[in-house]
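Quick one, structure for this:
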Amino acid sequence: MAKNLVIVESPAKAKTIEKILGKDFEVKSCFGHIRDLEKDDMGIDIENNFKPKYVIPDDKEKVVKELKKLAKDTDEVWLATDEDREGEAISWHLCEVLNLDPKTTKRIVFHEITKPAIENAVQHPRKLDMDRVNAQQARRILDRIVGFEISPVLWRKMSMRNSLSAGRVQSVAVRLIVEREREINAFQTVSTFKVEAWFTGKDINGKSISFKAEGPGKFKTAEDAEKFLQECVGAAYTVKDIQVKPGKKSPAAPFTTSTLQQEASRKLGYSVSKTMLLAQKLYESGNITYMRTDSVNLSDTAITEIEKAIKASFGEKYHQHRKFKNKNESAQEAHEAIRPTYMENATVEDSDTRKLYELIWKRTIASQMADAELEKTIAKIDISTNHDELTASGEVLKFDGFLKVYLEGHDDEDETEEQEGSLPPLAVKQSLDLREMKATERFSRPAPRYTEASLVKKLEELGIGRPSTYAPTITTIQKRNYVEKRDKEGVKRDFRILILKADKISKLTEAENTGAEKSKLFPTDLGMIVTDFLNQYFNNVMDYGFTAKIEEEFDEIASGKKVWNKMLKEFYSPFHKDVENTLENAERVKGERPLGVDAASGKPVVARMGRYGPMIQIGSVEDEEKPRFAKLKATQSIETISMEEAMELFKLPRNLGLFEGTDVIINIGRFGPYAQHDKKFYSLKKEMDPYTVELDEVAPLIAEKRTAKDERTIKIFEKEKIQILKGPYGPYIKQGLKNYKIPKEKIETAADITLEEAKAIIEDVKANPPKKKAPPRKKKAE
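So this is what the prediction gives:
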């Protein structure tokens, strides 16, 4: 038995640290949190100063038992969980469960898993920081209160389903997405005409090159644009003025959690959760510093190492010492930015994490490199016929500086300048030859929908959430079906072009694809309805400023300036009154939107939320005849669907005709679009639209699926709808939509199973259902 027991959260981290510390230290993992609030009765004694009631989950009993034994038999226990509030709370829970004295137990922290950092931490242990623990406790308790008290209100006041829930940060994130969607839906596109002229000139070698100049502004109508071009007929073009200005570009600061999530999304296409998963792997294997931080600071040692790397690779003129300042003054446990632990390693061997590591390495090294030096030339060109001006701009890179390594990406909503080319040498009073001038119709655009990365950026700007909460927040709102991440196809749109060439004006119309979006966050109808309800009755919880203020109060608790249960009491009293008032006075939410009257039946048509999602209903439940229902398409919404589009949905079921002498019927069921043929059902492929798909597309699908099913089928009991099928892990029994495992002793003789034996297996599985596997460990709670 080693003299020292070190406890960390993850096995990977344990493995790396154990190699560093040697034989006197045994390093064990507690696999994240070992306790959580009990599920029954909220797990909080509100009357007793918000005292939490913690329990050890079933899946952690074995881990706790092992740690207790090891702690008892060792001389010294060291707590080496992560350095943020969550890590501090895990260490405190370990003290409580393992009967360790928090005042004397050694707590060690480090920003990177390297030999010098670990050895330094062991030489300078500290005590548990109860202020940080209490800040984390306050967050966990407050979030449990909000979820526990609001969710039953949603169940009672919204008739859609009983699985609705609300969360403090998550509900505000959904609100941002809902408001952006409504901005887009309400946006009125305006067209204007932009004038551009192309001239030719000679470069320094006497070679003709073409360059572009822009017109005096945007024209509101085609008539105004045409009038301007008409005025330019027969004009002479002369360089009126030239300005040459030096310019520079500076590198971005090294990564924080949110900027890493944003840049990995832009440059690598990673989701926020994937970025954090890979970053954690890099940290635990000793390749990067701690990945949950909102600091842009670099240690003096790191800066020295970066300087060496820059001078060795690029030369002294590429180095520029910089100190970046945190925008967020209350940067939580923020000691350093995310950076490689060893700057001499420009890459890593692991293929999964390599791209992310290289992105971090490039951003870190670029942050200490020289500015890029530019020369910008702006030429004003006079039009002789109306004395308006055209403007030509050119940019030349004189010294690449940090651009040699890295250029920061941009989101859709960022106004990015058009890349400017170089201009030929120009002189004042020089005459220019016009090749052609165009006035092109352009359309105004609404703000784009959020990506995961741009939502993180917005949450950070508003002060909502902290580095550890961004990824779980975005995952949760998608799991709850309040938001979905999907692509949107563009639509064709015509635009007009007026062309002046050889003193003649011509007109043409071209088409462009507009509105296409990739991996954007769309609110679901459910998300919109829940957001409206919460906005109406819980405006404090949904207020951006209020949510940010709560985060600031957590920061104050962490720094010892505020008492955690006092802060909770201040929040709870008005909040609980809102809950009681809403339960008593709020009307039930129908989530309906009247669309009109069905011409054929004279019955009302409404778009509404149903048990299985948004749908159209013709008629009322009070009518003698049952109402008719149709499910909305994935791209349609209750808020925007038109009467005409709604009636199109009732074209199902469609009879496509005969295949092998039997009708093929297309319809949509609970599990999506399907084809019915010869009393059997076949799910349509994702790309098949049930409203337009034809028989020649569906018939091969039926034949293919039938063949695959025949190959899988071992035995069928038609009357009882019981099948014995081949699966990837061996034979199994299927009845209806449910699968039942065949006992090991029957697997070899599955083809011989009788109907009675199959029924007995089904009954036995129902009576003794298999235990569900514990979900994978979540490193961070919400």
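
okay, now Leu459: neighbour count?
Look at Leu459: counted by other C-beta atoms under 10 Å, it has 25 neighbours. For the C-beta atoms, the positions are set from N, CA and C on the backbone; glycine is no exception.

from what I can see it touches Ala173, true?
Yes: here Leu459 lies in contact with Ala173, judged by C-beta atoms under 8 Å, at a distance of 6.4 Å.

Identify the contacts common to these two.
Residues touching both Leu459 and Ala173 by C-beta atoms under 8 Å, 6 or more residues apart in numbering: Thr473.

Give me the next element, helix or strand, following the strand or helix carrying Ala71.
According to DSSP states H and E, Ala71 maps onto helix 61-73. Note on helix 61-73: by DSSP H and E, the next helix or strand toward the C-terminus is strand 76-79.

What does Ala236 show for phi and psi?
Note on Ala236: its backbone torsions stand at phi -110, psi 150 [degrees, to the nearest 10].

Give me the distance between it and Thr200.
Applying C-beta to C-beta, to the nearest Å, the value for Ala236 to Thr200 is 15 Å.

same question, Thr473
The gap separating Thr473 from Thr200 is 55 Å, by C-beta to C-beta.

Comparing the two, which shows the higher neighbour count?
A count of neighbours by other C-beta under 10 Å puts Thr473 above the other of Thr473 and Thr200, at 22 against 13.

Work out for me the element the closest residue to Tyr270 other than its chain neighbours sits within.
Using C-beta to C-beta, 6 or more residues apart in numbering and skipping the chain neighbours, the partner closest in space to Tyr270 is Ala264 (4.3 Å). Using DSSP H and E, Ala264 sits within helix 257-268.

So which elements touch that helix?
On a contact count with 3 or more C-beta pairs under 8 Å, 6 or more residues apart in numbering; DSSP states H and E, helix 257-268 meets helix 272-284, helix 354-366, helix 452-462, helix 470-479.

In that helix, which residues are buried?
Under the neighbour-count criterion of 16 or more other C-beta atoms under 10 Å, helix 257-268 has Thr257, Ser258, Thr259, Leu260, Gln261, Gln262, Glu263, Ala264, Ser265, Arg266, Lys267 buried.

Equivalent analysis for stretch 715-729, please.
By 16+ other C-beta under 10 Å, the buried positions in stretch 715-729 come out as Lys715, Phe717, Ile722, Gln723, Ile724, Leu725.

biggest separation within these, which pair?
Phe717 and Leu725 (12.2 Å; C-beta to C-beta).

neighbours around Arg442, how many?
The criterion is other C-beta under 10 Å. On that basis, Arg442 has 13 neighbouring residues.

That one pairs with what?
Thr192 (DSSP bridges).

so Ser519, which of the three states?
Classification of Ser519 using DSSP: H, G, I helix; E, B strand; the rest coil returns strand.

got the contact list for it?
Taking C-beta under 8 Å, 6+ apart as the criterion, Ser519 is in contact with Gly269, Thr451, Glu452, Lys485, Arg486, Asp487.

Roughly how far does the first one sit from Lys518?
With distances taken as C-beta to C-beta, Gly269 is found 9 Å from Lys518.

ok, now the third one?
Distance from Glu452 to Lys518, counting by C-beta to C-beta: 12 Å.

Looking at the two, which one has more neighbours?
Each of Glu452 and Lys518 has its neighbours counted (other C-beta under 10 Å); Glu452 has more, 27 against 10.

Leaving out the residues flanking it, which one is nearest to the more buried one?
Glu452 sits nearest to Val272 (C-beta to C-beta, 6+ apart), 4.6 Å away.

Can you tell me how far the one you found is from Ile477?
Remark: distance between Val272 and Ile477 (C-beta to C-beta) = 11 Å.

Where does pLDDT dip in the chain?
Scanning the chain for pLDDT under 70 picks out 1-2, 159-163, 203-204, 328-334, 411-420, 771-782.

I'd assumed Thr105 was in contact with Leu79.
Yes: with contacts counted by C-beta under 8 Å, Leu79 reaches Thr105, the gap being 6.2 Å.

Next, show the common contact partners of those two.
Common neighbours of Leu79 and Thr105, using C-beta under 8 Å, 6+ apart, are Cys95, Leu128.

neighbour count winner among the two?
Neighbour totals were compared for Leu79 and Thr105, and Leu79 leads with 26 against 20 (other C-beta under 10 Å).

quick one: contacts for the more buried one?
Contacts of Leu79 (C-beta under 8 Å, 6+ apart): Ile7, Ser91, Leu94, Cys95, Leu100, Thr105, Lys106, Arg107, Ile108, Leu128.

Name the nearest residue to Ile464, ignoring sequence neighbours.
Distances taken as C-beta to C-beta, 6+ apart put Thr547 closest to Ile464, at 5.0 Å, once the chain neighbours are dropped.

okay, now the one you found: neighbour count?
22.

distance of it from Pro446?
Separation of Thr547 from Pro446 (C-beta to C-beta): 25 Å.

try His677
44 Å.

Looking at these two, which has the bigger crowd around it?
Under the criterion of other C-beta under 10 Å, the comparison of His677 against Pro446 puts His677 first, with 23 against 15.

wait, isn't the more buried one in contact with Phe659?
Yes: shown here, His677 and Phe659 form a contact pair, counting by C-beta under 8 Å, at 6.2 Å.
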